[in-house]
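S.K.: coordinates only, sequence not included:
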């Protein structure tokens, strides 16, 4: 019966047409929990209270940055909903907050949660749940472990790669050095120390003549410096957090001890370390950097720095611009936006990790010239380049080339 | 005894709570129990997890309540016992491959011994001095856990990751739900044992010491023994709570057991009502949920908001949940009459 044939033909043609018009968009738009046509839910955990509350600034800056992104139209038309909770830097609370974010608020991913113990506490859970734990805010080396933990990714150059860079420098320029090391007695200090010893290799035992550690609760580290000076060392590796770094620099000058001084980049801030310690006391200290120090006058007219200032003026005017954490948060937020943009309309957790693991030579505003973000399926350490810097006058002078010391977890 | 000392001991004395008033009536107990059994069937896993933590902290608060409300001794060092219990369980599970349920009694015994030993020197102290001595224990603990000598076992500052147990016998429930019911069973067991302890001869000895040490010793109570025993029991229960906490959180690290935890537990006890065991769960709810509420009101000022809420509680109901319960009971009695 031709009539029926005709009709069937018409129907199938219509169906084909329908399929042709609807299927591409249906195939393109894929969502997991936490993403939709209009929003992307991002979770975050920060120590807004407790001992590490100084870092809470990072969460506030990120919130401000996502407000800016939303005001400018969002990511591919979707607004970011940023939910940030306080864990007071206590691991049990971190677990509670992470579960709240994943199971109750139903976020797409947890971004830039802060601290090594808190992130260690939730790493297994996040990987079991297959929810991205993206760009964690800690420099520990263990986050670069895609085989064991494919849902966890670090961000900043890790402590070990940094101290390897110093060790290489010492081996090359001062092979007969007698080294004194002062480190904070926790995961951060020990990670640095391990990298340093690995970097020195077989010569570590003979080159390191003194090793001393302090507790973060000590009011002053003066006595440690006196002890280290007595060892007769001519190189000093200073693995301390800002308050103690300033004390160490000052005490060195008081004791008239002038070793070749390496300062970890945790304490590289001019505003919060060098200035309080006195510019004259900090001459020739060597450190390393990967982003621009906002208190450094050499960046005053820099394009990225102007953009940063404009962003803060408009969205976070009360920010303390001497605080390196504000710059840190600004850069890492750009990193997340970059990844989410790359996801396009496929906002599944799997695709988020896939895009995060395929960043090529990305340069968010605020990084030093030449430093780039790079990841791959086997490299979950987005930033691993640093440049050595030496303090001259009132500013850091960069010297040498951009160095890299990739270490896996 | 100098005048100053007298004042201190007087100020430190805990208000006498008659032992009848230490527990709930049967009817109310059953209602609470039914709620604790049924609620998890209808809520999300995350809420079940929170309820598990609620029970665990309630156990720890109750342990402190036995010490302070029962025997009149103060402790700001409960976080240390909690940490020892947590680490005992975690190390036995992860290094010795022991079943999680078996690690709990061991954690309890280890902590009992630890608390009993600590109770010996603490005997010489009372009131605020005892509080300070235990405070020292709480501040020392996180650093002891970080010591290099133990690092092979404790994992140092990195802590230890603990594997969460699955439901046994192929029961069709999630890990969270199983752990909740497991915790509930343990909690009920310890609660009943504690109530019985306080009603027993030993419990009467505790309370006699609390009310008047000299009179108690005149009546033939071995003050030294019962004071250290109270410390031991309290530490033992806290240790079991710590072990459960380690399994529920799946992670132990020194930073999880700071003085902050000890103060939270102390707070929980006061809010729940000193010497009123059922109040422990109310106190536990306060220390878990009120910080979240405070954070919801203002992120930057969460600490201040928490302080204001705490102040309100202390000001309006100084005897904590016990006071609320008594008022509610009186209201109910009045309604019945009418």
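M.R.: Great, that's in hand. Just so you know, these numbers come straight off a predicted model, no measurement behind them. Numbers count the residues shown, from 1 in each chain, chains lettered A, B, ... in the order given.
S.K.: got the residues of chain A near chain B?
M.R.: Residues of chain A lying close to chain B by C-beta under 8 Å from any C-beta of the partner chain are A:48-51, A:84-86, A:88-92, A:95-96, A:99-100, A:102-104, A:116-117, A:120-125, A:185-187, A:190, A:215. In short, each C-beta sits where N, CA and C put it, glycine included.
S.K.: ok, of those, which come out buried?
M.R.: A:48-50, A:84-86, A:88-92, A:95-96, A:99-100, A:102-103, A:116-117, A:120-125, A:185-187, A:190 (16 or more other C-beta atoms under 10 Å in any protein chain shown).
S.K.: quick check, central residue of the chain?
M.R.: Here I'm looking at chain A. Closest to where the C-alpha atoms of chain A average out (C-alpha atoms, centre = their mean) is residue A:156, at 3.3 Å.
S.K.: meant chain B, my bad for not saying
M.R.: Centre-nearest of chain B using C-alpha atoms, centre = their mean is residue B:60, 1.8 Å out.
S.K.: check contacts around it.
M.R.: Shown in contact with residue B:60 (C-beta atoms under 8 Å, 6 or more residues apart in numbering or on different chains): B:78, B:82, B:237-238, B:241-242, B:265, B:268, B:284.
S.K.: in helices, which of those residues appear?
M.R.: Secondary structure from DSSP state H places B:78, B:82, B:237-238, B:241-242, B:265, B:268, B:284 of those in helices.
S.K.: select from the residues you listed the one having the most neighbours.
M.R.: The most crowded member of the ones in helices among the contacts of residue B:60, judged by other C-beta atoms under 10 Å in any protein chain shown, is residue B:238 (37 neighbours).
S.K.: pretty sure that one sits against residue B:82.
M.R.: Yes. Using C-beta atoms under 8 Å, residue B:238 is in contact with residue B:82, at 5.2 Å.
S.K.: how near is whichever residue of the stretch 201-350 of chain A sits closest to chain B to residue B:49?
M.R.: Nearest residue of the stretch 201-350 of chain A to chain B, counting by C-beta to the nearest C-beta: residue A:215, 6.8 Å away. Residue A:215 sits 33 Å away from residue B:49, going by C-beta to C-beta, to the nearest Å.
S.K.: with residue A:195 instead?
M.R.: For residue A:195, the distance to residue B:49 - C-beta to C-beta - is 37 Å.
S.K.: residue A:77 now?
M.R.: Note on residue A:77: its distance to residue B:49, by C-beta to C-beta, is 35 Å.
S.K.: element containing residue B:73, please.
M.R.: Of the helices and strands defined by DSSP states H and E, none includes residue B:73.
S.K.: what's the helix or strand harbouring residue A:212 in contact with?
M.R.: Using DSSP H and E, residue A:212 maps to strand A:208-214. Residues outside strand A:208-214 that contact it (C-beta under 8 Å, 6+ apart): A:178-185, A:189, A:193, A:197, A:200, A:221, A:224, A:227-228, A:231-233, A:240, A:244.
S.K.: filter the residues you listed down to the buried ones, PyMOL style.
M.R.: Entered in PyMOL, the line below selects the buried ones among the contacts of strand A:208-214, by 16+ other C-beta under 10 Å:
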select buried, chain A and resi 178+179+180+181+182+183+184+185+189+193+197+200+221+224+228+231+233+240+244
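S.K.: just the contacts of strand A:208-214: which are in strands?
M.R.: A:179-184 (DSSP state E).
S.K.: any chance of these in JSON lines, with distance to residue A:322 too?
M.R.: As requested, these are exported to JSON lines (distance: C-beta to C-beta, whole Å):
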{"residue": "A:179", "distance to residue A:322": "31"}
{"residue": "A:180", "distance to residue A:322": "30"}
{"residue": "A:181", "distance to residue A:322": "28"}
{"residue": "A:182", "distance to residue A:322": "25"}
{"residue": "A:183", "distance to residue A:322": "25"}
{"residue": "A:184", "distance to residue A:322": "22"}
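S.K.: return the member of those residues nearest to chain B.
M.R.: Chain B has its nearest neighbour among the ones in strands among the contacts of strand A:208-214 in residue A:184, at 10.2 Å by C-beta to the nearest C-beta.
S.K.: can you pull up the bridge partners for the closest one?
M.R.: residue A:214 (DSSP bridges).
S.K.: that one reaches residue A:242, doesn't it?
M.R.: No. The criterion here is C-beta under 8 Å, and residue A:184 misses it with residue A:242 at 11.2 Å.
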